[in-house]
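**Q** would you be able to build a 3D model of this:
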Amino acid sequence: MRDVTTRRAVLVAGLLTLLGHGSGALAGEVIRYGLEPGTRYTFDATQAMDVAVSVEAGAMSTPMRQRSTRVTRGAVQVLEARDGHPVRSLITFDPVSAMTTGVSIGGAATPDQSAAFALAGRTVETRVAADGQVSLAPSAGEPALPPLTDADRDIVENIAQVDPAFLPQRPVSAGDTWEATLGTDRDATRPRYRFTVDSFGEHAGRRVAHLKTAATVETNEDGLRTTARLTGTVVLDLATGLPLSMDESGEVTTSGRADMGGVPATIAGEGTVEQNVRIRFAEDAAAPPPPEQPQPGEDGEPVDADQPDAERGPALIPGWNRYRHPLSDVSFQHPAEWKVQATAGGIVITPDDHDPNRELLFGAGTAAPGVSDASAPAVVQQLDALVRSQTPGMTRAGAPEKPEHPAGPAAKYTYRGALPDGRRAVSDVYVLVADELAVTVAILADDARLKQRSPTLRRLFGTVTTTPLPDDDAGGDAEIGDRRLIGMFRGETISSEVDGIYINTQLAYAFGADGRVLYGAKSHMAASERDYTGELVWTAHGESEGQVQPGRWQARDGFLTIRWDSGTRSVFAYGFEPDGALVFRDPQTRKLINFFPRVR
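**A** Numbering: from 1, shown residues only. Down below sits the predicted model:
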């Protein structure tokens, strides 16, 4: 015991020493495009313009006002990518994609006119050539594409390809700026942007950069010059390089000469312009796991039906497979013909005779500290609120049932009502509370389909287990898994949540061959304020005490699980750079968390 204690004390001292070095360097963040085959996301873009102009033709002066709103919505699936840039994609445009315009002349308004986007309701396949040229083709089985205007093609091309100039060409930190002219020489309009990094942080579970923008957009068509100057903000996803949100607004001016029915006219006016973009990644947008890792979409690993295993749970039901979630200790059994796929939000269960128009089977897990009863009021309230937010037309049908479950307290909730499209539906939600975890298995279907699935789903729910990983003191390869992790790694994070205050945190992990892990962190703070002339008013520095957190580690199939002695758990997808640096990624989205160069 003394040798073990001494060895751990040396490791702690080594960690604290390591955290004390290199704290003065504030390395910038490298932002690159990181789109991969299989990435899916939805987009919702709106551009609105309101311009009042005066048209002078001869001795007449006529006031005019034009309002326009363009809505472009849809979904993208990346089929092929090169160096993080999509080169082949499927783009599906929502039927609501359209342009609406309204004009008033001399105070008399005309009815608004709405014209559907040429590809509204269509799916197109796009290919990006090495020279940046984009080719379009109808999706397999669809008719030929309709004629497209230059504006229509611009919309498709802006979605099909990413612009390298949009991202900085060097590592950046909070306060840094870069300028970019978007588009190519082939484009009639090339916006000029100035980006400023406001801060780095988290947004919707993803690591992001918060940017401020200033843009100038100029066009000159047939003698009519239009200039828009916009400012706004961007929330940039660091894993893919795409903007999760982009909100800009500003003023637009127009002037020049035009031919009005054979009569030369002078036009001058001004107005406002606003544009907003939202991108949301689908649940299955994560990159595929490493080849040696069991695919989340596979059925799980069959085991001998008459050989129960303490770690795997009860004996396997004949004709069923066992599925174990790759990022947690939750496992369950299911008919061998059924498929189970892990997603960012949980799992999706697909029977062999699945009808997507009649049913949806899914599961999820969430931390439930302090909860010991699956039918507790807090659980009831949370479920009711969740169902109400997703399907407002459905309500709970009475008190929950309390089926017996070998792993802990369980409950079954039933909801009935109408879906947003008016169809009648019923949902059974099974809830198990075990090991401070609430596991749900649910079905949303019509009455006949739910009645057909209920016996199998109830039996499936009865096999759910939350068996933890072994936590004994025995060392060895079988327990720790990937021995490449043995050693010490160091990294850092930089944040600036408040203007003028920067925090640099030194991080270190020490993975022992005995399955123990030590994690240390030490933060250094720098704060300052400048007056309106840029002169420094004051500055301050400080640092936190180094702290070390012990735990046990295990790595398998590309996932690192750490069970901290405090009772919490961390899970990372991990890999190694050619120089030996350890890379942590989010286990669900595969977004980069941090690099940790090996130091020992």
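**Q** so what would you say the end-to-end distance of stretch 122-131 is?
**A** End-to-end distance for stretch 122-131, by Cα to Cα, to the nearest Å: 26 Å.
**Q** tell me which residues in that stretch are buried?
**A** The neighbour-count check on stretch 122-131 (16 or more other Cβ atoms under 10 Å) flags 122, 123, 124, 125, 126, 127, 128 as buried. The C-beta positions use only the backbone N, C-alpha and C, and glycine is treated the same way.
**Q** the longest strand along the chain pairs with which strands, parallel or anti?
**A** When the chain is parsed with DSSP state E, its longest strand is strand 60-82. For strand 60-82, the pairing partners within the sheet under DSSP bridges are strand 40-57 (antiparallel), strand 85-93 (antiparallel), strand 98-105 (antiparallel).
**Q** with just CA atoms, put the longest one into PDB.
**A** Included here for strand 40-57 are C-alpha records, laid out as PDB according to Å, rounded to 0.1, in the frame of the first residue of the first chain:
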ATOM      1  CA  ARG A  40     -26.800  15.900 -42.400                       C
ATOM      2  CA  TYR A  41     -28.200  19.300 -41.500                       C
ATOM      3  CA  THR A  42     -31.200  21.500 -42.100                       C
ATOM      4  CA  PHE A  43     -31.000  25.100 -43.100                       C
ATOM      5  CA  ASP A  44     -33.400  28.000 -42.800                       C
ATOM      6  CA  ALA A  45     -32.500  31.300 -44.400                       C
ATOM      7  CA  THR A  46     -34.600  34.500 -44.700                       C
ATOM      8  CA  GLN A  47     -33.700  37.700 -46.400                       C
ATOM      9  CA  ALA A  48     -35.900  40.700 -46.200                       C
ATOM     10  CA  MET A  49     -35.500  44.100 -47.900                       C
ATOM     11  CA  ASP A  50     -37.700  47.300 -47.700                       C
ATOM     12  CA  VAL A  51     -36.600  50.100 -50.000                       C
ATOM     13  CA  ALA A  52     -38.300  53.400 -50.800                       C
ATOM     14  CA  VAL A  53     -37.100  55.100 -54.000                       C
ATOM     15  CA  SER A  54     -37.900  58.200 -56.100                       C
ATOM     16  CA  VAL A  55     -38.200  57.800 -59.800                       C
ATOM     17  CA  GLU A  56     -37.800  60.900 -61.900                       C
ATOM     18  CA  ALA A  57     -38.700  60.600 -65.500                       C
END
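**Q** just use 24 as the starting number from now, easier for me
**A** All set: I'll call the first residue 24, so the last point we hit is now strand 63-80.
**Q** how about the strands of the stretch 374-523 of the chain, start to end?
**A** 382-390, 417-419, 433-441, 447-457, 460-468, 510-521 (DSSP state E, counting those that start in this stretch).
**Q** now render the ones you listed as CSV, adding mean neighbour count.
**A** Output for the strands of the stretch 374-523 of the chain, formatted as CSV (neighbours: other Cβ atoms under 10 Å):
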stretch, mean neighbour count
strand 382-390, 17
strand 417-419, 17
strand 433-441, 19
strand 447-457, 22
strand 460-468, 22
strand 510-521, 18
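**Q** how about the ones you listed, which one is nearest residue 60?
**A** Among those, the nearest to residue 60 by Cβ to Cβ is strand 382-390 (24.7 Å).
**Q** ignoring the adjacent residues along the chain, who's closest to residue 483?
**A** residue 357 (5.4 Å; Cβ to Cβ, 6 or more residues apart in numbering).
**Q** go on, residue 398?
**A** Residue 398's closest residue in space is residue 434 (Cβ to Cβ, 6+ apart), at 4.1 Å.
**Q** what helix or strand is the residue nearest to residue 483 on?
**A** strand 354-358 (DSSP states H and E).
**Q** how much space between the residue lying closest to residue 247 once chain neighbours are set aside and residue 293?
**A** The shortest distance from residue 247 to any non-neighbouring residue, by Cβ to Cβ, 6+ apart, is to residue 279 (3.9 Å). Look at residue 279 and residue 293: by Cβ to Cβ, to the nearest Å, they are 13 Å apart.
**Q** kindly provide the distance from the nearest residue in space to residue 401 that is not next to it in sequence to residue 456.
**A** Leaving aside its chain neighbours, residue 401 sits nearest to residue 394 (6.6 Å; criterion: Cβ to Cβ, 6+ apart). Applying Cβ to Cβ, the value for residue 394 to residue 456 is 6 Å.
**Q** common neighbours of those two, please.
**A** Common contacts of residue 394 and residue 456, defined by Cβ atoms under 8 Å, 6 or more residues apart in numbering, comprise residue 402.
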